[in-house]
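Asker: A predicted structure for the sequence below; I have some questions about it.
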Amino acid sequence: TLIFQPAAGLNSGANISFHNRHLFGNMQVMASIQKDRRGNTRLFGLLSALIPVVLYLVIRLRSVAEPGDDAFITLKFVRNLSQGNGVVYNLGEWVLGTTTPFYTMYVALISALFHTDPMLAAPWALLPFEVLNILFVWFLVLRSTGSLPAATGAGLLFSLSRYSLFAALLCMEAPLFNFL
């Protein structure tokens, strides 16, 4: 059990405790937020996790996805699969040529469910995994250091990393692979 108490000047009296059985195994986290003397609930833990996520979403949603050449190959497989033609690049040629079959099936499912082109579905299909990756970095640093500012800083560094943003905007499997 880790108990986090903010500095006296910031929010004295609010305790946030996190209970976890295993760090990597069963990720059941129970957060209990205790009320201070005035009865106000302090949500520093939640806010410190949301700051990097919100900042990333603002940057990510203002950016334009520019798929690379590998993404175009994968997205052609996705288009054929979502249209019911199977996992093929050229119709009638039954050769598995995608290097990311799980990602291909996942984006094809999203594309088919929302009746949209795979070029539009791929960036949106990756967004939940991008957010989960930021939250995982936040949780991992929080669990290892016990410091909300350190966890927030790590989440910010990860969310502002040009490599994570670039990987997401390429419309390839990197955010999904990082999450798994």
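Answerer: Looks like it arrived, so ask away.

Asker: going forward, measure contacts and count neighbours with C-alpha atoms only.
Answerer: Fine.

Asker: Buried ones in whichever strand or helix holds S144, by neighbour count?
Answerer: Applying DSSP states H and E as the criterion places S144 in helix 118-145. Neighbour counts over helix 118-145 (16 or more other CA atoms under 10 Å) mark 118-119, 121-127, 129-143 as buried.

Asker: helices or strands up against it?
Answerer: helix 44-62, helix 69-82, helix 101-113, helix 148-160, helix 162-169, helix 174-179 (3 or more CA pairs under 8 Å, 6 or more residues apart in numbering; DSSP states H and E).

Asker: And the pLDDT for the nearest residue to V78 once chain neighbours are set aside?
Answerer: Closest residue to V78 apart from its sequence neighbours, by CA to CA, 6 or more residues apart in numbering: A108 at 4.9 Å. pLDDT for A108: 91.

Asker: so A108 sits right up against G86, yeah?
Answerer: No. Counting by CA atoms under 8 Å, no contact exists between A108 and G86, whose distance comes to 10.3 Å.

Asker: The two: which is more packed in?
Answerer: Just comparing A108 and G86: by other CA atoms under 10 Å the higher neighbour count belongs to A108, 29 against 16.

Asker: if I look at the more buried one, how far off is A125?
Answerer: Per CA to CA, to the nearest Å, A108 is found 10 Å from A125.

Asker: which residues of the protein score low on pLDDT?
Answerer: For the chain, applying pLDDT under 70 flags the ranges 1-43.

Asker: repeat that with 80
Answerer: The chain contains residues with pLDDT under 80 at 1-45, 95-96.

Asker: picking that back up, how about the helices and strands packed on helix 118-145, which one is nearest L91?
Answerer: Nearest to L91 among the helices and strands packed on helix 118-145 is helix 69-82 (7.9 Å), distances taken as CA to CA.

Asker: For the closest one, report the contacting residues that lie outside it.
Answerer: For helix 69-82, the external contacting residues (CA atoms under 8 Å, 6 or more residues apart in numbering) are 86-89, 91, 98-100, 104-105, 107-109, 111-112, 117-119, 170-172.
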